[in-house]
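Trainee: A predicted structure for the sequence below; I have some questions about it.
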Amino acid sequence: MSGAAVETVPKQARPRRTFTAAEKLRIVKKADACLASGKRGALEAMLRGEGIYSSLLSSWRAQLSSLGAAGLARKPGRRPKLDAKDRRIAELTKRNAQLERKLQVADAVIALQKKAHEILGIALPTLDSDGES
């Protein structure tokens, strides 16, 4: 029998397991109970039974202590960089910087025109009180 006759099937990737906030809280309380019982290896057996690592339990405990039960409801993955309000602030800040650059250019052009009028000896027009020249 040759090796070419053997068919290989790609391994199916298991979908990533997600936990609800209630499940996380239940597991953390169960782990605390295992630690309180003082039985050696009870926590490890519980973690194996749940199919989780101790590092995940540690992060859940940190979330629970810092944010309470609401911290466990956090969605997995990255947080969006900016929410709508922060995006609007960034957009307005960018627009403000653009307008300031345009103002600097306009001020430089006006200063150049004033110097040109001085050099050529041309009097600048004066504005009346009602805004006409």
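Mentor: Thanks, I have it.
Trainee: How far off centre is the longest helix anywhere in the chain?
Mentor: If you go by DSSP state H, the chain has its longest helix at helix 84-120. Distance of helix 84-120 from its chain centroid, counting by C-alpha atoms, centre = their mean, to the nearest Å, is 32 Å.
Trainee: Could you do stretch 17-30 as well?
Mentor: That offset, for stretch 17-30, works out to 24 Å (C-alpha atoms, centre = their mean).
Trainee: what about Gly71, how many neighbours?
Mentor: Using other C-beta atoms under 10 Å, Gly71 has 15 neighbouring residues. C-beta here means a position set from N, CA and C on the backbone, and glycine is covered the same way.
Trainee: and what of Ala31?
Mentor: Neighbourhood size, Ala31 [other C-beta under 10 Å]: 21.
Trainee: Make sure it is actually in contact with Leu57.
Mentor: Yes: using C-beta atoms under 8 Å, Ala31 is in contact with Leu57, at 5.7 Å.
Trainee: what do these two both touch?
Mentor: Among the neighbours of Ala31, those also in contact with Leu57 (C-beta atoms under 8 Å, 6 or more residues apart in numbering) are Leu47.
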